[in-house]
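In: no sequence for this one, just the structure:
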């Protein structure tokens, strides 16, 4: 099955193929979830106030609070899940961009590895530099071309 098949086109296919479009879409979903999270916070606060204020005849002062705790915990769990979703969406957008960057760099890295392999297989041999360029005569600019001891000075001795 071809993913570009026009008979089976899904509107999110174009979004999934572009990292920028994916980031925009995830940001929109995150924005909606943040609004839902804000509404859940208000709902949890109002629910808490109402449930803890509901007393029945024969209740002690803490009975309403004990009855409200399961509802408060459930709302808190929903809020935690919504917060996790928003963080997950942000992480997903970041990882999608990171994936696109890695894919874009991959051909260059492979080309570099191939060039390195070629250099290892076929090393460039440098011709050795000839230390005696004129038929075995030493040149005076080399450090070891002078006399080796005072007996080699011969007639060219200079007084100090």
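Out: Sure, I can see it. These figures come from a predicted structure and were not determined experimentally.
In: and the helix or strand containing residue 102, what does it pack against?
Out: Per DSSP states H and E: residue 102 is located in helix 63-121. Packing contacts for helix 63-121, counted by 3 or more CB pairs under 8 Å, 6 or more residues apart in numbering; DSSP states H and E, involve helix 19-53. (Glycine included, C-beta is placed from N, CA and C.)
In: pLDDT on the helix it packs on, on average?
Out: The predicted model assigns helix 19-53 a mean pLDDT of 94.
In: could you give the angle of that helix to helix 63-121?
Out: Relative orientation of helix 19-53 versus helix 63-121 (axes from the mean of the first three to the mean of the last three CA atoms, to 10 degrees): 160 degrees.
In: quick one, what contacts residue 15?
Out: 21, 22, 25 (CB atoms under 8 Å, 6 or more residues apart in numbering).
In: confirm residue 58 sits in a helix?
Out: No - looking at residue 58 with DSSP: H, G, I helix; E, B strand; the rest coil, it is coil, so not inside a helix.
In: against residue 35, how distant is it?
Out: Here residue 58 is placed at a distance of 42 Å from residue 35 (CB to CB, to the nearest Å).
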